[in-house]
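In: Show me how the following folds:
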Amino acid sequence: MTIFEKIIHREIPSNIVYEDELAIAFLDISQVTKGHTLVVPKKPFPDLYSLDKETSEHLLKVCIIVGKALKKAFNLEGLNLVNNNGEIAGQSVFHFHIHLIPRYPNDDYIMRGVNHQSKYTKDDLIVIKEAIIEAQS
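Out: Predicted coordinates for the structure are as follows:
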């Protein structure tokens with residue numbers, strides 16, 4: 001049983017900010033920035049790849065509800081939605097969840113990617129695109 005299941009079943013305390021039949025949202029104990037919230041399905045899907053359509057659609061709706069509440073409560077200038085899938089991607093709790101990370105002027109949260117645009121030709125991008133499209137069937 002993951003820590004999120006223990007929160008869902010009220011076996012450990014948490015600061016719940018939203019709950020319905022399919023999802024729960026609660027403050028992340030780390031508070032990367034003020035208001036950092038996790039949106040979690042009540043059903044224990046381990047990752048993005050295991051989510052069903054109904055749950056995934058519902059979780060995005062909850063992210064919108066909670067995201068708007070965060071903006072109203074704390075006058076946010078921005079909001080990151082972050083999801084990690086697999087240990088290599090930084091997933092530490094293997095129960096799907098989305099981080100809502102409020103952004104403020106001069107906060108110290110850094111989220112940077114690396115630009116590899118020069119490594120891929122137009123033909124490379126076409127091959128990548130076609131592989132993704134083919135994998136959807």
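
In: ok, now how distant is the residue sitting furthest away from the middle of the chain from residue 116?
Out: Distance to the chain centre peaks in the chain at residue 123, reaching 32.0 Å (criterion: C-alpha atoms, centre = their mean). Distance from residue 123 to residue 116, counting by C-beta to C-beta, to the nearest Å: 15 Å. For the C-beta atoms, the positions are set from N, CA and C on the backbone; glycine is no exception.

In: Doesn't residue 128 lie inside a strand?
Out: No: Residue 128: not assigned to a strand; according to DSSP: H, G, I helix; E, B strand; the rest coil it is helix.

In: okay, now residue 73: neighbour count?
Out: The tally of other residues near residue 73 (other C-beta atoms under 10 Å) stands at 12.

In: Where does the prediction get shaky in the chain?
Out: Within the chain, not a single segment meets pLDDT under 70.

In: Which helix runs longest in it?
Out: Secondary structure of the chain per DSSP state H: the longest helix is helix 53-74.

In: same for the following helix or strand past that one, what does it pack against?
Out: Heading C-terminal from helix 53-74, the first helix or strand you meet, by DSSP states H and E, is strand 78-82. Counting contacts by 3 or more C-beta pairs under 8 Å, 6 or more residues apart in numbering; DSSP states H and E, strand 78-82 is packed against helix 53-74, strand 98-103.

In: Name the strands paired with strand 78-82 and say parallel or antiparallel.
Out: Strands that pair with strand 78-82, judged by DSSP bridges, come out as strand 98-103 (antiparallel).
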